[in-house]
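Chemist: model the structure of this input:
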Amino acid sequence: MKALVVYESLFGNTEKIAREVASGLERSGADVTVAPVGSVDPVDLAAYDVVVAGSPTHAFSMPRSVTRADAVRHGADRACEGPGLREWIEHLEPQVGARPTFAVFDTRRDARSRHLTGSAARSATRALRRRHRALADVPASFYVGGTSGPLLPGEAVRARAWGSRLAGCARTQ
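Modeler: Below you'll find the predicted structure:
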């Protein structure tokens, strides 16, 4: 099975989770490519059986250009100012029943904070469904301790386990 893990990462936490998900996929026998979302042409995905896409949650959804610029003002990598996952999904051609299947995840603040709602993964799921893309699994969220992180304890392990599970889900699609 060939898998692609693409990510948009502003402070490095989403990239860390993407690499852990890739590790889980690899441990399950998948041939995995990991790349920032801006470096992968969304039209050229036919070689993959599954595409895993990750994004941080900003302003209750996937980042927009204005939230990326705000993140840079707060110390994020300037490289994040380009197009992100939202724009990448918008460039996917609508396809019914075609490979690859997709899975999405996000990083976001600790879920115990009742004032912080919204999920980039749920937003990405809706965007993919509008493009008639099949989903291998429900969206996953991984938690950080603050705007710039770090990942909460156990999240890297949970991401690897989710990657392993995705390998099984994608094979049965």
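Chemist: tell me which residues in the helix or strand of the chain with the lowest mean pLDDT are buried?
Modeler: Ranked by mean pLDDT, DSSP states H and E, the weakest helix or strand in the chain is helix 65-73, scoring a mean of 81. Across helix 65-73, burial judged by 16 or more other Cβ atoms under 10 Å covers 67-68, 71. Placement of C-beta: from N, CA and C, glycine included.
Chemist: show me how far it is from its chain's centre.
Modeler: 18 Å (Cα atoms, centre = their mean, to the nearest Å).
Chemist: now it - C-alpha only, CSV.
Modeler: Listed next in CSV are the C-alpha coordinates belonging to helix 65-73 (Å, rounded to 0.1, in the frame of the first residue of the first chain):
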residue,chain,number,x,y,z
SER,A,65,-4.2,33.5,5.0
VAL,A,66,-5.1,36.0,7.7
THR,A,67,-4.7,33.4,10.5
ARG,A,68,-1.4,32.3,9.0
ALA,A,69,-0.1,35.9,9.0
ASP,A,70,-1.2,36.2,12.6
ALA,A,71,0.6,33.0,13.5
VAL,A,72,3.8,34.4,11.9
ARG,A,73,3.4,37.6,14.1
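Chemist: can I get the buried residues of helix 65-73 in JSON lines including distance to Leu151?
Modeler: Putting the buried residues of helix 65-73 into JSON lines (distance: Cβ to Cβ, whole Å) gives the following:
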{"residue": "Thr67", "distance to Leu151": "20"}
{"residue": "Arg68", "distance to Leu151": "20"}
{"residue": "Ala71", "distance to Leu151": "17"}
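Chemist: ok so, going back, show residues contacting the least confident helix or strand of the chain.
Modeler: 10-11, 58-59, 63, 76, 78, 80-81, 84 (Cβ atoms under 8 Å, 6 or more residues apart in numbering).
Chemist: for Val5, give its distance to Cys80.
Modeler: 17 Å (Cβ to Cβ, to the nearest Å).
Chemist: which elements pack onto whichever strand or helix holds Cys169?
Modeler: Element membership for Cys169 (DSSP states H and E) is helix 155-171. Using 3 or more Cβ pairs under 8 Å, 6 or more residues apart in numbering; DSSP states H and E, the elements in contact with helix 155-171 are strand 2-7, helix 13-27, strand 50-56, strand 101-109, strand 140-144.
Chemist: quick check: which of these is buried the most?
Modeler: Scoring the helices and strands packed on helix 155-171 by mean neighbour count under mean count of other Cβ atoms under 10 Å gives strand 50-56 as the most buried, with a mean of 29.
Chemist: got the angle for that one vs strand 2-7?
Modeler: 10 degrees (axes from the mean of the first three to the mean of the last three Cα atoms, to 10 degrees).
Chemist: check contacts around the most centrally placed residue in the chain.
Modeler: Central residue of the chain (Cα atoms, centre = their mean): Gly54, 0.9 Å from the mean position. Contact partners of Gly54, counting by Cβ under 8 Å, 6+ apart, are 5-9, 14, 17-18, 21, 85, 104-107, 121.
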